[in-house]
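Trainee: Predicted model follows, preceded by the sequence.
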Amino acid sequence: MSAKVVAIVGSYRRGGTIDSAVKIILEGARERGAQTHTVYLTEQHIEFCRNCRECMQTPGEQRGKCAQTDDLETMLQEIEAADAVVLGSPVNCYNVTAIFRRLMERLVGAAYWPWGQNAPRPRTKRRPRKAVLVASSAMPGFLIPLATGAARALRLTAGMLGAKPVGRLWIGLAASEPYHPLPPRTRVRARRLGWKLA
């Protein structure tokens with residue numbers, strides 16, 4: 001049975017650095033027999049979290065359901081049926097994009113936090129899915145996990161989606177032109193990351 005890989009793209013631009021890198025990762029996964037699907041957050045109706053914590057009140061390992069009605073539940077069901085996820089966002093203002101952050105905040109149902117308890121705790125420590133994390137920035141790529149919050153945000157999101165990171169792709173110096181072409185070495189690395197997900 002072939003693996004299923006779902007990519008979540010938190011970029012505002014189609015054909016940009018993140019979109020291009022994610023496409024190559026998924027190409028690599030398909031080369032090894034995986035089925036893939038890409039979700040562009042700009043095309044989803046995702047409301048802001050209301051901090052009502054309703055999704056965090058019911059105990060148990062199952063993810064708490066949000067009371068709001070939008071595209072989140074369908075997206076999460078697709079991810080839960082997948083074997084791997086790719087999470088991608090450019091760095092904006094030293095972190096992931098606002099649209100990616102909106103998704104991230106809506107994933108709090110992965111934790112149990114009843115009223116009166118001081119802090120939330122994960123519903124489960126199981127992470128049955130693999131994850132590849134992708135970020136791009138105008139700064140050199142090695143600085144993304146050191147000088148921004150993007151790497152941590154992507155890791156936290158992976159954890160809330162029940163995924164364990166098996167690879168990372170930090171793409172730097174991506175602001176030299178509107179549609180920065182990926183360097184050959186980055187393209188090779190992206191394809192190999194896709195192989196790991198299949």
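Mentor: Noted; the coordinates are in hand. Fair warning: this is a prediction, and the values are worked out from it, not measured in the lab.

Trainee: What helix or strand is residue 60 located in?
Mentor: Following DSSP states H and E, one finds residue 60 outside all helices and strands.

Trainee: which ones are touching it?
Mentor: Listed by Cβ atoms under 8 Å, 6 or more residues apart in numbering, the contact set of residue 60 reads 112, 123. (Glycine included, C-beta is placed from N, CA and C.)

Trainee: And it, how close does it get to residue 89?
Mentor: 30 Å (Cβ to Cβ, to the nearest Å).

Trainee: pull the CA atoms of the helix or strand containing residue 104 into PDB?
Mentor: Using DSSP H and E, residue 104 maps to helix 98-105. Below are the C-alpha coordinates for helix 98-105, written out as PDB (Å, rounded to 0.1, in the frame of the first residue of the first chain):
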ATOM      1  CA  ALA A  98       0.200  34.900   9.700                       C
ATOM      2  CA  ILE A  99      -1.900  32.400   7.800                       C
ATOM      3  CA  PHE A 100       0.200  29.500   9.000                       C
ATOM      4  CA  ARG A 101       0.000  30.900  12.500                       C
ATOM      5  CA  ARG A 102      -3.800  31.000  12.200                       C
ATOM      6  CA  LEU A 103      -3.700  27.200  11.400                       C
ATOM      7  CA  MET A 104      -1.300  26.500  14.200                       C
ATOM      8  CA  GLU A 105      -3.400  28.300  16.800                       C
END
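
Trainee: Break down the chain into its helices, ranges please.
Mentor: Ranges of helices in the chain, per DSSP state H, are 17-31, 72-80, 98-105, 144-147, 150-160, 184-197.

Trainee: can you put those in CSV and add mean pLDDT?
Mentor: Converted to CSV, these look like this (pLDDT from 0 to 100):
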stretch, mean pLDDT
helix 17-31, 97
helix 72-80, 95
helix 98-105, 97
helix 144-147, 96
helix 150-160, 97
helix 184-197, 96
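
Trainee: Only the buried residues of the helix holding residue 104, if you could.
Mentor: The neighbour-count check on helix 98-105 (16 or more other Cβ atoms under 10 Å) flags 99, 100, 101, 102, 103, 104 as buried.

Trainee: That one to helix 72-80, inter-axis angle?
Mentor: 80 degrees (axes from the mean of the first three to the mean of the last three Cα atoms, to 10 degrees).

Trainee: Cheers, nothing more for now.
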